[in-house]
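Colleague: Sequence first, predicted model second:
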6 protein chains.
Amino acid sequence: MKDPKDAAGGRLTHIDDRGGASMVDVSGKAATLREAVARGSVCMQQETINLIEENRVAKGNVLETARLAGIMAAKKTSALIPLCHQLNLSSVSVDFSTDRVKNKIDIQARAVCTGRTGVEMEVLTAVSVAALTIYDMCKAVDRAMTISDIRLMEKRGGKSGPWKRPS
Amino acid sequence: MKDPKDAAGGRLTHIDDRGGASMVDVSGKAATLREAVARGSVCMQQETINLIEENRVAKGNVLETARLAGIMAAKKTSALIPLCHQLNLSSVSVDFSTDRVKNKIDIQARAVCTGRTGVEMEVLTAVSVAALTIYDMCKAVDRAMTISDIRLMEKRGGKSGPWKRPS
Amino acid sequence: MKDPKDAAGGRLTHIDDRGGASMVDVSGKAATLREAVARGSVCMQQETINLIEENRVAKGNVLETARLAGIMAAKKTSALIPLCHQLNLSSVSVDFSTDRVKNKIDIQARAVCTGRTGVEMEVLTAVSVAALTIYDMCKAVDRAMTISDIRLMEKRGGKSGPWKRPS
Amino acid sequence: MKDPKDAAGGRLTHIDDRGGASMVDVSGKAATLREAVARGSVCMQQETINLIEENRVAKGNVLETARLAGIMAAKKTSALIPLCHQLNLSSVSVDFSTDRVKNKIDIQARAVCTGRTGVEMEVLTAVSVAALTIYDMCKAVDRAMTISDIRLMEKRGGKSGPWKRPS
Amino acid sequence: MKDPKDAAGGRLTHIDDRGGASMVDVSGKAATLREAVARGSVCMQQETINLIEENRVAKGNVLETARLAGIMAAKKTSALIPLCHQLNLSSVSVDFSTDRVKNKIDIQARAVCTGRTGVEMEVLTAVSVAALTIYDMCKAVDRAMTISDIRLMEKRGGKSGPWKRPS
Amino acid sequence: MKDPKDAAGGRLTHIDDRGGASMVDVSGKAATLREAVARGSVCMQQETINLIEENRVAKGNVLETARLAGIMAAKKTSALIPLCHQLNLSSVSVDFSTDRVKNKIDIQARAVCTGRTGVEMEVLTAVSVAALTIYDMCKAVDRAMTISDIRLMEKRGGKSGPWKRPS
């Protein structure tokens, strides 16, 4: 079936010929090493960062909780995103850094997998749920926090090859 | 036990006296009607918006898939966010609008519950997972999309009363 | 917004005014006792029934496994059916009877809940997953088994009152 | 341990020598390409089909919701069916056709996987949950709908080779 | 139906008259405040305790991870234990103390709920999964660790009233 | 970064250089056959064992329910234990034996997998949840039951080779 968008290189892969959603068939793809990195930020009041930092220095709980939430969410990605393939991650990590100039906490997730699909959705999900967890743990003191700039930074592996976010 | 931050009104509620994380006890709170609204955006290339819009007019699949993903994720919130209370939502809805000037899709989630805790995390989770689903469905044509401005707009019910995001 | 179908009493409740799916708001409904019963059948070869029956008399494993699968699935209903409300069941049971004339196993599920929505989907889900489990456990000897006549028999409670399947 | 049924080729594979349920060991099987197709139907009143069809033409929501529910359920199969193996699906699709003569909607699911076990349970689960979702979305107007004829149509791959449902 | 064990006060509540498992009907019970406390221990080599303690003092990660795992597992109890009722916990906490004489880490979980069933299974599940998590995080250095003495200490609320473990 | 514990061979593998938890990267490990066996016990009153045994002879329900709960829990291990890798089990079995001298039920779980990580956590989780299920089903007659001696007995496969619990 002819798709007029093919020429422009712009075809939404999850929409089948009749327009119904389906999980793209990846059985013909090779199981290769895939890696991806995503980032995002939680913007907050200066006082909220102080509270997290003081606590982090002493015990690290807000960020440790967010880190584990992000890691566990990465493993649930295919149950959250309807057309996302199941895969068994080889590794996931979530890290944080504090930006005291812009009053935000930056989150980075990295994942690795040997499989037929990339792990972009897994790292983006890890960042999102880590950010939501920071919000949950601090919302009593700062209800107006904002989660922003959740984005893919880099991916490797698979037929489409490496990709780096243009700076 | 005396907490030096109490005077300043700034105490992280999930950290117990010894610094261990725990689910805040809400058994003394009344089960009242709670409502919350959250918003967020997915920024993309103009051509990506065109593809979604043409598809949405014809069959609505990208946004319908994101809508259902957001609704289903709202029901999983307490399994994703470690210290979030379980609750039985009375209602969840997820809506979209297209901003062709800024090339983004705006997402809004609204939820209602009769319970002892608010539904802020449920609407923020719904928006986040709807956004991730839009990314998943369009990533083959626009890997650089960014998810931004996930934020609480409004909440009602509970001891702390109504709250509206300052504009 | 005017809906031309209202007069005929035929309006699909999960479709909002703009056509987007959403979880119907039940916050205005009273939390009353709800009960529902559903049935279904798995049709198979006579020899397959013999195998299950002999096993059931001796140890009951095929049907016990299906029973537990049905009960556990009832508790997962709102995670399987996108627009289904979460509820805490007060009781679920799954029972079987063998029809040796028609070579089928009949399944019945019953559930009770005090809540704002009915438990029809919970009993239909319990019957469906119990049937799938019977299929799974016997498929090596009878791949052509068919699951049929999954239907609501009866419901009580809620504003719409009692309903019995017309015979 | 001797099993008297072995001679007749009729042995229930999930029952171990002592009668306890266990997940069959598939570690000796080769990881090959597996495919399966299942079908089922939801029988309803003519007016209910009209409502779905009008809606489908305009927005496609009932069937799109059922489609996504079926796809997502396929990914949860091993969590629903107690002795079913975990596997990572390469592809799942769910399609519908309307039979206006018999007043029913026919559902077909297809799945592909590279693995050590077949995907029969995955497609049967997808059909079952898609059917339950159609029921859920239309139950307010047609409580007596019946789900029927859920059956395997075809499977390929694995030691037992291809199988087609006898017509 | 007469049950010969009733006189002796010893009847297994999950077995129905025909011997099939079912979720006990609690719809007639009042929704009252329930509370329970459970404990358990992980026995290990002295060097393993040293590693955890040094780490706990500095960053607290092994026990913080176990704590969150226990809290999150408490919320999943009804999905793990087949005949366990669903309930919405008002509070869960998990705490640890180190016994350097017996070389073990003691775990205590406490939960509160307003509902129709007790929270004994929730606290026992929290302790069990916290213990498994300690094992997981330290198994590379001490494969022989043993999890022991998982037991209910105390419960309050419900028709059967308060119970305290005899010392 | 130098870690002073490396010399002593004692380094907690889940703690990264900065002390944050992460899922250990196993992408460089070979996918080989892994097997593990774990055991544990539920200690109870003599009368409780009698009740289970009489029931088991007749219908086997308490232990059959515990067996299925253990098998299903093994498949959920990576969702329960935060830093545990996802894997697709080739086989799981759970068995019981009654010790009438010490008034306890002994549980054994065995699992097999072809993968990059071992299945120790899967068998320990299966034993734990089978034990919790026995407790749940008998708690109305014996609230003081204790779960003990959950331990790894044996493992095979992987770089670290075979391990047997010293007797």
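Modeller: Thanks, I have it.
Colleague: Next, count neighbours for A:Met153.
Modeller: Counted by other Cβ atoms under 10 Å in any protein chain shown, the residues lying close to A:Met153 total 16. Yep, even glycine has a C-beta here, placed from its N, CA and C like the rest.
Colleague: Kindly report the same for the one 3 residues further on.
Modeller: Other residues within reach of A:Arg156, judged by other Cβ under 10 Å, total 17.
Colleague: From chain C, how far off is it?
Modeller: Counting by Cβ to the nearest Cβ, to the nearest Å, the gap from A:Arg156 to chain C is 34 Å.
Colleague: what does A:Val26 give?
Modeller: To chain C, A:Val26 is 24 Å away according to Cβ to the nearest Cβ.
Colleague: A:Lys164 now?
Modeller: Applying Cβ to the nearest Cβ, one obtains 37 Å for the distance of A:Lys164 from chain C.
Colleague: A:Ala130 touches A:Ala69, doesn't it?
Modeller: Yes - because the distance of 5.9 Å satisfies Cβ atoms under 8 Å, A:Ala130 is recorded as touching A:Ala69.
Colleague: Helices of chain A, start to end?
Modeller: With DSSP state H as the definition, chain A shows helices at residue ranges A:46-58, A:61-75, A:77-80, A:120-138.
Colleague: Among these, single out whichever gets nearest to chain D.
Modeller: Nearest to chain D among the helices of chain A is helix A:77-80 (5.8 Å), distances taken as Cβ to the nearest Cβ.
Colleague: residues contacting A:Gly115?
Modeller: A:Gly115 makes contact with A:31-32, A:34, A:85, A:87-88, D:88 under the criterion Cβ atoms under 8 Å, 6 or more residues apart in numbering or on different chains.
Colleague: Report the beta-bridge partner residues of it.
Modeller: For A:Gly115, the beta-bridge assignment (DSSP bridges) gives partners A:Thr32.
Colleague: Any idea which helix or strand in chain A has the lowest mean pLDDT?
Modeller: Of the helices and strands making up chain A, the lowest-confidence element is helix A:46-58, at a mean of 76, by mean pLDDT, DSSP states H and E.
Colleague: By proximity to chain C, which residue of chain A wins?
Modeller: Using Cβ to the nearest Cβ, the point where chain A gets nearest to chain C is A:Ala79, with a distance of 8.8 Å.
Colleague: Spit out the contact partners of the spatially most central residue of chain A.
Modeller: In chain A, the C-alpha closest to the average C-alpha coordinate belongs to A:Leu124, at a distance of 1.1 Å (Cα atoms, centre = their mean). Applying Cβ under 8 Å, 6+ apart, one finds that A:Leu124 lies in contact with A:38, A:109, A:150-152, B:132, B:135, B:147.
Colleague: Give me the distance between it and chain F.
Modeller: Relative to chain F, A:Leu124 is positioned 17 Å away (criterion: Cβ to the nearest Cβ).
Colleague: Run a quick neighbour tally on A:Val24.
Modeller: Using other Cβ under 10 Å, A:Val24 is surrounded by 17 other residues.
Colleague: Is it in contact with D:Ser93, as I believe?
Modeller: No - the pair A:Val24 and D:Ser93 does not pass the contact test of Cβ under 8 Å, sitting 9.7 Å apart.
Colleague: pLDDT weak spots in chain A?
Modeller: Low-confidence segments of chain A (pLDDT under 70): A:1-19, A:55-60.
Colleague: which bits of chain A sit near chain D?
Modeller: Within reach of chain D by Cβ under 8 Å from any Cβ of the partner chain, chain A has these residues: A:16, A:18-27, A:78-79, A:82-83, A:85-88, A:115-116.
Colleague: 7 Å instead?
Modeller: Those residues of chain A that sit near chain D, judged by Cβ under 7 Å from any Cβ of the partner chain, are A:16, A:20-27, A:78-79, A:82-83, A:85-88, A:116.
Colleague: With adjacent residues omitted, what lies nearest to A:Ser90?
Modeller: The spatially closest residue to A:Ser90, leaving aside those adjacent along the chain, is F:Ser27, at 3.7 Å (Cβ to Cβ, 6 or more residues apart in numbering or on different chains).
Colleague: Now do the one you found against E:Arg156, distance only.
Modeller: Look at F:Ser27 and E:Arg156: by Cβ to Cβ, to the nearest Å, they are 49 Å apart.
Colleague: likewise A:Asn61?
Modeller: Taking Cβ to Cβ as the measure, A:Asn61 falls 29 Å from E:Arg156.
Colleague: Reformat the contacts of A:Leu124 as TSV; add neighbour count and distance to E:Gly161.
Modeller: Supplementary listing: these in TSV, determined by neighbours: other Cβ atoms under 10 Å in any protein chain shown; distance: Cβ to Cβ, whole Å:
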residue	neighbour count	distance to E:Gly161
A:Ala38	28	52
A:Ala109	30	49
A:Ile150	28	51
A:Arg151	20	56
A:Leu152	24	57
B:Leu132	27	48
B:Tyr135	26	53
B:Ile147	29	52
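Colleague: among those, which are in strands?
Modeller: A:38, A:109, A:150-152, B:147 (DSSP state E).
Colleague: can you name the two of those that are farthest apart?
Modeller: Distance extremes for the ones in strands among the contacts of A:Leu124: the farthest pair is A:Ala109 and B:Ile147 at 13.4 Å, using Cβ to Cβ.
Colleague: Closest one to chain E out of the contacts of A:Leu124, please.
Modeller: Using Cβ to the nearest Cβ, the shortest approach to chain E within those belongs to A:Ala109, at 17.1 Å.
Colleague: For the nearest residue to that closest one once chain neighbours are set aside, grab the count of nearby residues.
Modeller: Taking Cβ to Cβ, 6+ apart, and ignoring the residues beside it in sequence, A:Ala109 has A:Ala126 as its nearest neighbour in space, at 3.7 Å. By the measure other Cβ under 10 Å, the count of residues near A:Ala126 is 33.
Colleague: what residues are up against A:Ala126?
Modeller: Residues near A:Ala126 by Cβ atoms under 7 Å, 6 or more residues apart in numbering or on different chains: A:70-71, A:73-74, A:92, A:94, A:109.
Colleague: Redo these as TSV? Include distance to A:Glu53.
Modeller: Rendered in TSV, the data for these read as follows (distance: Cβ to Cβ, whole Å):
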residue	distance to A:Glu53
A:Gly70	19
A:Ile71	22
A:Ala73	24
A:Ala74	25
A:Val92	25
A:Val94	18
A:Ala109	21
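Colleague: Now, of those, which are buried?
Modeller: Among the contacts of A:Ala126, those classed as buried by neighbour count (16 or more other Cβ atoms under 10 Å in any protein chain shown) are A:70-71, A:73-74, A:92, A:94, A:109.
Colleague: Go through the contacts of A:Gly115 and name the one nearest F:Thr48.
Modeller: Looking at the contacts of A:Gly115 and their distance to F:Thr48, the nearest is A:Asn88, at 40.1 Å (Cβ to Cβ).
Colleague: nearest spatial neighbour of the closest one, skipping sequence neighbours?
Modeller: Residue nearest to A:Asn88 in three dimensions, not counting chain neighbours: F:Gln86, with 4.2 Å by Cβ to Cβ, 6+ apart.
Colleague: what residues are up against that neighbour?
Modeller: A:75, A:88-89, F:78.
Colleague: For F:Leu80, see how far away it is.
Modeller: With distances defined as Cβ to Cβ, the gap from F:Gln86 to F:Leu80 amounts to 12 Å.
Colleague: next one: A:Phe96
Modeller: When Cβ to Cβ is applied, the distance between A:Phe96 and F:Leu80 equals 25 Å.
Colleague: Which of those two has more residues huddled nearby?
Modeller: Between A:Phe96 and F:Leu80, counted using other Cβ under 10 Å, F:Leu80 has the larger neighbour count: 25 against 22.
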